[in-house]
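**Q** give me the fold of what follows.
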Amino acid sequence: MGNCVVPGDLHSLTMFEELVKCSVCFEYMNRPIYQCHNGHTLCSSCKARVLNKCTSCRQQLGDIRCLALEKMTESLQLHCKYEEFGCPEIMHEDSCNFRPYSCPWPGLPCSAVGDIPFLVSHLTDYHKAVMFNGCDFELEFLIEDLRKHSGCRWLAIIINCYGKYFCVHTEAFLFAWYSSA
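**A** Numbers count the residues shown, from 1 in each chain. Coordinates of the predicted model:
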């Protein structure tokens, strides 16, 4: 049968999966997929990183799209790259709940990166963020509360509600007005 793909043929599927991996970042490519004049392919994210030169033959890339490979990626059911962290879905990295997030703590930069359960622990343990479980709660802020948190004028609150986590940033504003009456 040569290079034909027989449904259920795992070896052929693995070969196709390798064809749709970027030669630079080794991730599965999504459209647009670019190619040089010699047919070498790479993903759109890496195209800018390699200064528009093919990493295989050093030819200019230009804006030549590999439409056949783009159609092939649409038909393949490729596993999410976060499968090793427990994601059972197929090719949906941009919306994957298992993807890594950067720490959303306002103010000083924080280099912590991880999935949502890690960041919830990080925010409550390291940054001492306030945590609420449930959808009904009342919250009252006093200036003293903000001073307890390193003299900041803002506070981060994590809310676990409807099976989702929300990170809310609050900020204290001091208002003053003058009346000449």
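
**Q** helices of this protein, start to end?
**A** 10-19, 44-49, 67-75, 116-125, 143-148 (DSSP state H).

**Q** lowest average pLDDT across the ones you listed?
**A** Comparing mean pLDDT across the helices of the chain, the lowest value falls on helix 143-148: a mean of 54.

**Q** indicate which one of the helices of the chain is closest to C25.
**A** With distances scored as C-beta to C-beta, the stretch of those nearest to C25 is helix 44-49 (5.4 Å). Just so you know, the C-beta spots here come from the backbone N, C-alpha and C atoms, and that holds for glycine as well.

**Q** hang on, the earlier thing: could I get the helices of the chain as JSON lines with distance to N97 and mean neighbour count?
**A** Conversion of the helices of the chain to JSON lines gives the following (distance: least, C-beta to C-beta, whole Å; neighbours: other C-beta atoms under 10 Å):
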{"stretch": "helix 10-19", "distance to N97": "23", "mean neighbour count": "12"}
{"stretch": "helix 44-49", "distance to N97": "21", "mean neighbour count": "14"}
{"stretch": "helix 67-75", "distance to N97": "22", "mean neighbour count": "13"}
{"stretch": "helix 116-125", "distance to N97": "7", "mean neighbour count": "15"}
{"stretch": "helix 143-148", "distance to N97": "31", "mean neighbour count": "11"}
